[in-house]
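Participant: need a 3D model of the following:
(chains A and B)
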Amino acid sequence: GENVEQHPSTLSVQEGDSAVIKCTYSDSASNYFPWYKQELGKRPQLIIDIRSNVGEKKDQRIAVTLNKTAKHFSLHITETQPEDSAVYFCAASQGGTSYDKVIFGPGTSLSVIP
Amino acid sequence: GAVVSQHPSWVICKSGTSVKIECRSLDFQATTMFWYRQFPKQSLMLMATSNEGSKATYEQGVEKDKFLINHASLTLSTLTVTSAHPEDSSFYICSASSILGKAFFGQGTRLTVV
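Facilitator: Presented below is the predicted three-dimensional model:
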């Protein structure tokens, strides 16, 4: 089955700096890669996603890149703000339909220092 | 995005009793839902895939007789933790995906077994 690894496990950045979180996946059949933000005690929230036919996607301060050959994908947050502090999970899914299970990486705890 | 509602938000039960958790998709039909378990400071671990009108598919290592899943309608899946023990204490969270595979999560249920 699919295995998703994520680095780093913790990340501290100064407000205004950029943060980068990297993930790898094992199953070459995976073709949908979402990223979730989870605040303490709350549900994960989808922040951005990318499909395998796209190499990069951007939404305001958040961008995701995908290297399907190397099975790597990364989350980039620019101009970080204290409210970006949370746990971020990358994930992978085959098919990317409502029937396909989503496997999560172990998570990165991001702290943005004011 | 789609709305997924989970109930209860938290529950305390005695060891040996059973607890039922409900997951509803409020504004869309979900033939497939997913159940995850999350221990403190850990990732979301997929427990099972709930299929409307058929048996659930359990991940390796998850006891199907202990974690009973019923998906009787297109908007409701239930997870029953049978004969709960303190080690079953965890955050249980369900998700349902849109037709494009975007997973939306319920608010989670914090189960404490005493």
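
Participant: next up, the contacts around residue A:92.
Facilitator: Contacts of residue A:92 were listed using CB atoms under 8 Å, 6 or more residues apart in numbering or on different chains, and they are A:2, A:4, A:23, A:25, A:27, A:30, A:32, A:33, A:102, A:103. For every residue, glycine as well, the C-beta is placed using N, CA and C.

Participant: if I look at it, how far off is chain B?
Facilitator: Distance, residue A:92 to chain B, by CB to the nearest CB, to the nearest Å: 11 Å.

Participant: so what's residue 13 scoring on pLDDT?
Facilitator: Picked chain A for this. With respect to pLDDT, residue A:13 scores 98.

Participant: actually, chain B is the one I wanted.
Facilitator: In this model, residue B:13 carries a pLDDT of 96.

Participant: how many residues are close by it?
Facilitator: A count of neighbours around residue B:13, defined by other CB atoms under 10 Å in any protein chain shown, yields 16.

Participant: which non-adjacent residue is nearest it?
Facilitator: residue B:19 (5.1 Å; CB to CB, 6 or more residues apart in numbering or on different chains).

Participant: just give me the neighbour total for the one you found.
Facilitator: The number of residues near residue B:19, taken as other CB under 10 Å, comes to 19.

Participant: what's across from it in the sheet?
Facilitator: Taking DSSP bridges as the rule, residue B:19 bridges to residue B:81.

Participant: and for residue B:91?
Facilitator: Where residue B:91 sits in a bridge, its partners, by DSSP bridges, are residue B:38, residue B:110.

Participant: for residue B:10, see how far away it is.
Facilitator: 9 Å (CB to CB, to the nearest Å).

Participant: what sits in contact with each of the two?
Facilitator: With CB under 8 Å, 6+ apart as the test, residue B:91 and residue B:10 both reach B:109, B:110, B:111.
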